[in-house]
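Enquirer: Have a look; sequence and predicted model below, questions after that.
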Amino acid sequence: MRAIRVASAALLGMTALTLAMPVAVAEGDGDHEPDRNITSFGFDVSPSTIAAGGRVSLSVTGCDKKAKVSSGVFDTVTIHKDQSNASATVDWDAKPGAVYEVTFQCGHESGHTDLTIAGGRPDDPTHPPAHRGVKAGIGGTAGGFDLGQIGLGAALIAGSVGAAYHWSRRRTAEQDG
């Protein structure tokens, strides 16, 4: 009888672990280095993939100072504290397929994101856009563990195993009495 209780508790614990794992994996947001981008202000480059010579929109939210945006693929841009966005022109000599880091600096904080250069050049008939398939197979998480999520998952698993043990002991006590 004791083996059945232990097996039930183990099965319940494994079920809880199995159900909790996909949620933790799915919450990865795709950042290559998530710890680098924890800032008190928000930032964005749109579009995140653009052809050489194209214009990108740079936006900052929650920055009460002037923000500087820099990259190796366009000139440094200043977004004043009373503004939330600006634009930049990507250099014509940017290499198609290359990924450039864009740095947003607000006071002493900085955040980073990537800008990918697409094939071809906009409005340039001498360099028509390259037609390529979808870039696939890069899925998965960026690595790194969130200790808060791990602790919460462990607490949920321990709680479900404890509840299973409690109910199995209670049922046995009622049968014996």
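Expert: Yep, it's here.

Enquirer: Which strands or helices does the longest strand along the chain pack on?
Expert: Determined from DSSP state E, the single longest strand within the chain is strand 109-118. Helices and strands touching strand 109-118, by 3 or more CB pairs under 8 Å, 6 or more residues apart in numbering; DSSP states H and E, are strand 42-46, strand 49-51, strand 99-106. Yep, even glycine has a C-beta here, placed from its N, CA and C like the rest.

Enquirer: and with 10 Å instead?
Expert: strand 42-46, strand 49-51, strand 55-61, strand 67-71, strand 99-106 (3 or more CB pairs under 10 Å, 6 or more residues apart in numbering; DSSP states H and E).

Enquirer: Please identify the most buried of those strands.
Expert: Mean neighbour count (mean count of other CB atoms under 10 Å) peaks for strand 67-71 among the helices and strands packed on strand 109-118, with a mean of 21.

Enquirer: quick one: low-confidence ranges for this structure?
Expert: Applying pLDDT under 70 to the chain flags residues 1-3, 5-7, 9-10, 12-14, 16-37, 120-145, 171-177.

Enquirer: quick one: secondary structure of residue 156?
Expert: Following DSSP: H, G, I helix; E, B strand; the rest coil, residue 156 is assigned to helix.

Enquirer: which of the residues in the longest strand of the chain are buried?
Expert: 110, 111, 112, 113, 115, 116, 117, 118 (16 or more other CB atoms under 10 Å).

Enquirer: Equivalent analysis for stretch 85-98, please.
Expert: Under the neighbour-count criterion of 16+ other CB under 10 Å, stretch 85-98 has 86, 88, 90, 91, 94, 96 buried.

Enquirer: Doesn't the last one belong to a helix?
Expert: Just to be clear, that refers to residue 96. No - counting by three-state DSSP, residue 96 is located in no helix; its state is coil.

Enquirer: Not counting residues beside it along the chain, what's closest to it?
Expert: Counting by CB to CB, 6 or more residues apart in numbering, residue 119 is the residue found nearest to residue 96 once chain neighbours are left out, at 4.2 Å.
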